[in-house]
Structures are given as structure tokens and as C-alpha cells.
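Asks: missing the sequence, but the structure's below:
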């Protein structure tokens, strides 16, 4: 009887630990813009879960993987400008430096990696965008792509937009 109880207790603890460490859900958004550029973003959606953006999660002023789990990937089908800077067609990892008034968006040449393996020497480009208030609170980080080429990252009460041309 004691062994059965102990086995059930251990099984319950293992199950609870596995549930607590469940990865953030995967998401993918893709759009072909009016100018014929296909933009694809493949990412995991971290939840706020009672934490504060800028403090416990996505700390202000520090490089952040802009998602969860593996690195978020950003792919364009043609040579484009992003944030006003030239970017060759291809696949990149997307990092950011969050801030209350502005975010630095980083596209890095090394895309097939863990989100925590950032190397600044592999940056393809960086640009700065204003931090906006999102129209509605979003528990999970979400990307949207408009036909006009505007990419929006929406999370909590924050939104940052940049344009792909």
C-alpha cells in the first residue's frame, strides 16, 4: 500500500512538473504584400501569466529573443527594405531590445538556433521603432502582417510596427 501511494505521489509530481514546463504554443503568420513580397514569421507565443513586460519578462534595454523556445524566424521572398534599411531575400532570426518608448528590432543571419544563442556579430540589420499602446490587451505575444507590408508585434498593452517594402 505504501509503495502504491509513493508511486502515485511520484507520478503526480512528475506530471505537475512537466505541465509547468510546457513550451509556449507555436504560431506562424504569412502574408504576400501588395508589392508581391511573401513575409513569413514563425515563432512561439509566450504568455504574460501575471508578469510585467519590461521587468520579469522581455526586460527593458536587454536583447530578447522576441518569443519563446527556438529563435523566432523572419523570412522574405525578395530583396526588401525593412525599417528603411536594405535586407536581402532570405531567412533570419528576429531579436529585439524592448523599451518603454522604443524597441530596437534586430534581424540576425543565424536563424536555425535556440532563442538564447544570440551573436551580435551575425546581425544583418538593426532599426528602431516607436513603442505604441495596443488597441486591446493581448495575453500571448502575436505577430500580424498587413497586405501593405506593415508588421505588428502585439503583446500585453504594447505594440510595435515596422514596414517591409
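Replies: Thanks, I have it. For clarity, every value in this text was computed on a predicted model and none was experimentally measured. Residues are numbered from 1 along each chain as shown.
Asks: how about the helices of this protein, start to end?
Replies: 2-20 (DSSP state H).
Asks: now the strands for it?
Replies: Secondary structure of the chain (DSSP state E): strands at 26-32, 38-44, 72-76, 80-82, 85-87, 90-97, 102-108, 123-130, 132-145, 150-163.
Asks: need the ones you listed in TSV (columns: distance to residue 50, mean neighbour count and mean pLDDT).
Replies: Backbone N, C-alpha and C define where each C-beta goes, glycine included. Shown next, in TSV, are the strands of the chain (distance: least, C-beta to C-beta, whole Å; neighbours: other C-beta atoms under 10 Å; pLDDT from 0 to 100):
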stretch	distance to residue 50	mean neighbour count	mean pLDDT
strand 26-32	21	14	97
strand 38-44	19	20	98
strand 72-76	23	21	98
strand 80-82	33	18	98
strand 85-87	36	14	98
strand 90-97	22	21	98
strand 102-108	22	21	98
strand 123-130	27	16	98
strand 132-145	10	15	97
strand 150-163	11	19	98
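Asks: out of those, the one nearest residue 64 is which?
Replies: strand 90-97 (5.6 Å; C-beta to C-beta).
Asks: distance between that closest one and the chain's centre?
Replies: The chain centre lies 9 Å from the centre of strand 90-97; the measure is C-alpha atoms, centre = their mean, to the nearest Å.
Asks: kindly report the same for stretch 123-141.
Replies: Worked out by C-alpha atoms, centre = their mean, stretch 123-141 lies 10 Å from the chain centre.
Asks: what's the span of that stretch, first residue to last?
Replies: 23 Å (C-alpha to C-alpha, to the nearest Å).
Asks: residues in contact with that stretch: which ones?
Replies: 24-25, 43, 45-49, 66-67, 82-88, 92, 98-109, 153-162 (C-beta atoms under 8 Å, 6 or more residues apart in numbering).
Asks: and stretch 29-47, by the same measure?
Replies: Everything outside stretch 29-47 that qualifies as a contact, by C-beta under 8 Å, 6+ apart, is 23-28, 57, 66-70, 72-78, 80, 94, 139-149, 151, 164-165.
Asks: before we move on, the earlier item: out of the strands of the chain, nearest to residue 117?
Replies: Closest among these, using C-beta to C-beta: strand 90-97, at 8.9 Å.
Asks: contacts for the closest one?
Replies: 41, 43, 58, 61-67, 71-76, 103-111, 113, 115, 118, 124, 153, 160.
Asks: just want the angle from that strand to strand 150-163.
Replies: 70 degrees (axes from the mean of the first three to the mean of the last three C-alpha atoms, to 10 degrees).
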